[in-house]
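In: Below is the structure, and that's it, no one-letter string:
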């Protein structure tokens, strides 16, 4: 505040008109002349008093009085003007001293080094900041001409060229970068700005230079530039197409692209727009696979919103070419389908003898019924009341045989995977029906433990049936020559999935890591290929489920897998015995005919009894076939209607 007041006082003094300032210098002369006039008048009066002959008239006396009075007034005015001038000058001097001290304080506190050169290049002034930056004292610099002590040895020629440019007035307005060396030998990089030094009369008296230390900022700038160069090298070398766009008045504005993007899509935003695939403003962290008609390739695209350098919201897009990967995945999927198909064929091949035996039952019954009817017709006994029941039972057995063949065909036929809402209980019943063929030979019971109602699952029924059949078959083989004789198939809801478990009473896992069971070509069976469980895991994982194995507390192993639930679907579980969900199939129905698929109660013995009551006896060969190959069946009419 004081410095501002002093500056204002000095400025006011400087703004005083020059004529008025000259008048202040004439005031003492005027006062002196007036004083001499008064003294002369007084002397005249004294002479009159001493010389009686000098007689002043009244007018002369009056004139002298006015002269003396006027001269006194002039003296008083001169003294007042001189006092005012002296006061103003004192204030101006005080203001000048204060302003000089303020400017000196400013110069001493500045972080920027200040240096003044005369027209010959001699240093006439340096501030403390300049000495602090350069590392030399003021006494070492004042009055020195080039070469200066802070010039770097070996670079005098470059420094001299810079000095010549400065003295010629050709220094760029952006400044000069100069290397300097301190007294201790350390070096620094500075930036120097030059401007002419002009006095109050408009005459240039030298050059004013300001100097800043840019060593650290230059190091940071070089580090950032190197980092940016490395970053750009990485971006340009990526196989992914990277682009950044913003919304502009005429559509997408392309802000950045890397080399891969430019190679595929050029320098236009069309490729970026194609890969958006209509997702503008609806971005997630998940990648999407998009086909580009322009590039005729598939891309895995990631999107993200960013804040650009100017504050705008922009879209970062990273697109990876997955055309070859998709082709490999499709080839792998086709190969996996072939493997699954082969696995089902192998399973059917292993069960061929049991399936043939199972299929032989309805075929033999059909043959016996047909021969009985033929015998009655030949005998002339064509009573419809006798023949129609036999023909109906023949048709039922033919339907049963066709159902067996149809299910085998559906199980082994080659088809595309179809995921759809599926009643899991029917899939389990079909798988158990297949497995029962082998279970009867091994004298093993398959127990189903299902809740009263189950939601549907999103799955391919044939593939899930293949998994269940494989797990049940593995469980029965694990109980070979062991006292255990039960395989339990159970289902339990778990949050948004259904957990299906197949528990056996076999030899268990022992010291085997359960995770190794699902590795390709790993098998605990002497003649196993080690692909069954691996295929099962692949199938379950393709259904977004999980397959694992744990030891059974009662002995053996429990294999479990999960399948996603279809919300809002709840189906009552149908059973073979009319409603019991927990079944113990001590006398299981013949394979493939569980639940609603069971036919009427028919056996070859019934057919023979019906036909032999009034017709000729069957041949010995037919009776041997009947007795040796076709056991009595136990299907009730109630099961058929269920």
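Out: Thanks, I have it. Given the structure is predicted, the values throughout are model-derived calculations rather than measurements.
In: Check the offset of stretch 118-129 from the chain's centre.
Out: Relative to the centre of its chain, stretch 118-129 is centred 59 Å away, using Cα atoms, centre = their mean, to the nearest Å.
In: Now tell me what touches that stretch from outside.
Out: By Cβ atoms under 8 Å, 6 or more residues apart in numbering, the surrounding residues in contact with stretch 118-129 are 107-108, 110-117, 138, 141-146, 148, 163, 167, 204-207. Bear in mind the C-beta positions are built from the backbone N, C-alpha and C, glycine included.
In: likewise stretch 209-229?
Out: For stretch 209-229, using Cβ under 8 Å, 6+ apart, the contacting residues are 111-117, 130, 133-134, 166, 177-178, 188-195.
In: Ok, stretch 170-189 next?
Out: The contact list for stretch 170-189 (Cβ under 8 Å, 6+ apart) reads 133-136, 149-153, 155, 159, 162, 165-166, 190-194, 211, 213-215, 218.
In: Using neighbour counts, pick out the buried residues of that stretch.
Out: Across stretch 170-189, burial judged by 16 or more other Cβ atoms under 10 Å covers 171, 175-176, 178, 180-181, 188-189.
In: got it, and stretch 426-441?
Out: Neighbour-count burial for stretch 426-441 [16+ other Cβ under 10 Å]: 426-440.
In: contacting residues for residue 491?
Out: For residue 491, the contact set (Cβ under 8 Å, 6+ apart) comprises 424-425, 428, 449-451, 454, 498-501.
In: one more time with 6 Å, if that's ok
Out: By Cβ atoms under 6 Å, 6 or more residues apart in numbering, the residues touching residue 491 are 450, 498, 500.
In: Residue 30: which of those residues is nearest?
Out: Taking Cβ to Cβ as the measure, residue 498 is the one of these closest to residue 30, at 122.7 Å.
In: The closest one is in what secondary structure piece?
Out: Using DSSP states H and E, residue 498 sits in strand 497-503.
In: Run through who's touching that strand.
Out: Residues from elsewhere that reach strand 497-503, judged by Cβ under 6 Å, 6+ apart: 457, 471-472, 475, 488-492, 552, 558-564.
In: gap between it and the chain center?
Out: Computed by Cα atoms, centre = their mean, the separation of strand 497-503 from the middle of its chain amounts to 35 Å.
In: Next one: the closest residue to residue 199 other than its chain neighbours, what pLDDT does it get?
Out: Sequence neighbours aside, residue 205 is the residue nearest to residue 199 in space, at 5.4 Å (criterion: Cβ to Cβ, 6 or more residues apart in numbering). We have a pLDDT of 91 for residue 205.
In: can you check the one 4 residues further on too?
Out: Confidence at residue 209, expressed as pLDDT, is 92.
In: what does residue 119 give?
Out: The model's pLDDT for residue 119 equals 91.
In: Would you check how far apart it and residue 143 are?
Out: 15 Å (Cβ to Cβ, to the nearest Å).
In: need the next SSE after the helix or strand where residue 535 lies, C-terminal direction.
Out: Element membership of residue 535, judged by DSSP H and E, is helix 532-542. Tracing the chain past helix 532-542, the next element assigned as helix or strand by DSSP H and E is strand 547-551.
In: Can you check what angle separates that next one from helix 532-542?
Out: If you take axes from the mean of the first three to the mean of the last three Cα atoms, to 10 degrees, strand 547-551 sits at 130 degrees to helix 532-542.
In: Please identify the pairing partners of the strand holding residue 498 and their relative orientation?
Out: In the sheet, strand 497-503 lines up against strand 486-494 (antiparallel), strand 557-564 (antiparallel) (DSSP bridges).
In: So which bits of the shortest one are buried?
Out: If you call a residue buried by 16+ other Cβ under 10 Å, then strand 557-564 has these buried ones: 557-563.
In: just these now: which is nearest residue 318?
Out: Of all the buried residues of strand 557-564, residue 562 has the smallest distance to residue 318: 33.1 Å, by Cβ to Cβ.
In: and that closest one, how far is that from residue 225?
Out: On the measure of Cβ to Cβ, residue 562 and residue 225 end up 55 Å apart.
In: one step back: tell me which element the residue nearest to residue 199 falls in.
Out: In the assignment (DSSP H and E), residue 205 maps to strand 204-213.
In: One more: residue 172?
Out: Using DSSP H and E, residue 172 falls within no helix or strand.
In: Please apply the same query to residue 65.
Out: Using DSSP H and E, residue 65 maps to helix 58-109.
In: next one: residue 372
Out: For residue 372, the host element (DSSP H and E) is helix 352-378.
In: One more: residue 463?
Out: Here residue 463 sits within helix 461-478, counting by DSSP H and E.
In: swap in residue 264?
Out: Assigned by DSSP H and E, residue 264 falls in helix 259-265.
In: tell me what that helix is packed against?
Out: Applying 3 or more Cβ pairs under 6 Å, 6 or more residues apart in numbering; DSSP states H and E, we find helix 259-265 packed against strand 241-248.
In: and the strand it packs on, how far out from the chain's middle?
Out: 16 Å.
In: buried ones in that strand?
Out: Using 16+ other Cβ under 10 Å as the burial criterion, the residues of strand 241-248 that qualify are 241-246.
In: now swap in stretch 490-510 and tell me
Out: Neighbour-count burial for stretch 490-510 [16+ other Cβ under 10 Å]: 490-491, 497-507, 509.
In: Check the residues you listed and tell me the two furthest apart.
Out: 497 and 507, at 29.6 Å, using Cβ to Cβ across those.
In: Quick check: phi and psi on residue 310?
Out: Dihedral pair for residue 310: phi -100, psi 10, per degrees, to the nearest 10.
In: actually residue 298, sorry about that
Out: Dihedral pair for residue 298: phi -100, psi 140, per degrees, to the nearest 10.
In: low-confidence ranges in the stretch 301-450 of the chain?
Out: 336-337, 339-361, 400, 403-404, 406-417 (pLDDT under 70).
In: show me where it has strands.
Out: Secondary structure of the stretch 301-450 of the chain (DSSP state E, counting those that start in this stretch): strands located at 313-321, 420-422, 445-449.
In: among these, which is nearest residue 513?
Out: Judged by Cβ to Cβ, the one of these that comes nearest to residue 513 is strand 445-449, at 28.0 Å.
In: got the buried residues for the closest one?
Out: Neighbour counts over strand 445-449 (16+ other Cβ under 10 Å) mark 445-448 as buried.
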